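J.: could you look at this predicted model? Sequence included:
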Amino acid sequence: MEPDQNEQLVLAMRNAGRRLAEPRSIRDLEQTLGQIVAEVGPQRRTPTVWGQ
């Protein structure tokens, strides 16, 4: 990695951390969960029970 790339990575990580620290609304959380389910859904066909 070049020094400029390191700096870009640090800035990207810092910005991501700031976004994660921001307060989120229920709508934001629902939208994020929907995106996760949409990405995982096609890969998983059988239901999973927590703890098993």
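T.: Ah, there it is. Model, not experiment: these values are computed from the prediction.

J.: can you classify the residue nearest the centre of the chain as helix, strand or coil?
T.: By CA atoms, centre = their mean, the chain has its centre lying nearest to Thr32, at 7.6 Å. Assigned with DSSP: H, G, I helix; E, B strand; the rest coil, Thr32 falls in the helix class.

J.: please export the C-alpha coordinates of the longest helix that the chain contains as PDB.
T.: Counting residues, the longest helix found in the chain (DSSP state H) is helix 3-21. Extracted as PDB, the C-alpha positions of helix 3-21 are listed here (Å, rounded to 0.1, in the frame of the first residue of the first chain):
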ATOM      1  CA  PRO A   3       1.200   6.300   1.800                       C
ATOM      2  CA  ASP A   4      -1.700   8.000   0.000                       C
ATOM      3  CA  GLN A   5      -3.700   4.800   0.000                       C
ATOM      4  CA  ASN A   6      -3.100   4.500   3.800                       C
ATOM      5  CA  GLU A   7      -4.400   8.000   4.300                       C
ATOM      6  CA  GLN A   8      -7.500   7.400   2.200                       C
ATOM      7  CA  LEU A   9      -8.200   4.200   4.200                       C
ATOM      8  CA  VAL A  10      -7.900   6.000   7.500                       C
ATOM      9  CA  LEU A  11     -10.300   8.700   6.300                       C
ATOM     10  CA  ALA A  12     -12.800   6.200   5.100                       C
ATOM     11  CA  MET A  13     -12.700   4.300   8.400                       C
ATOM     12  CA  ARG A  14     -13.000   7.500  10.400                       C
ATOM     13  CA  ASN A  15     -16.000   8.600   8.300                       C
ATOM     14  CA  ALA A  16     -17.600   5.200   8.600                       C
ATOM     15  CA  GLY A  17     -17.100   5.300  12.400                       C
ATOM     16  CA  ARG A  18     -18.800   8.700  12.600                       C
ATOM     17  CA  ARG A  19     -21.800   7.500  10.600                       C
ATOM     18  CA  LEU A  20     -22.100   4.500  12.900                       C
ATOM     19  CA  ALA A  21     -22.000   6.700  16.000                       C
END
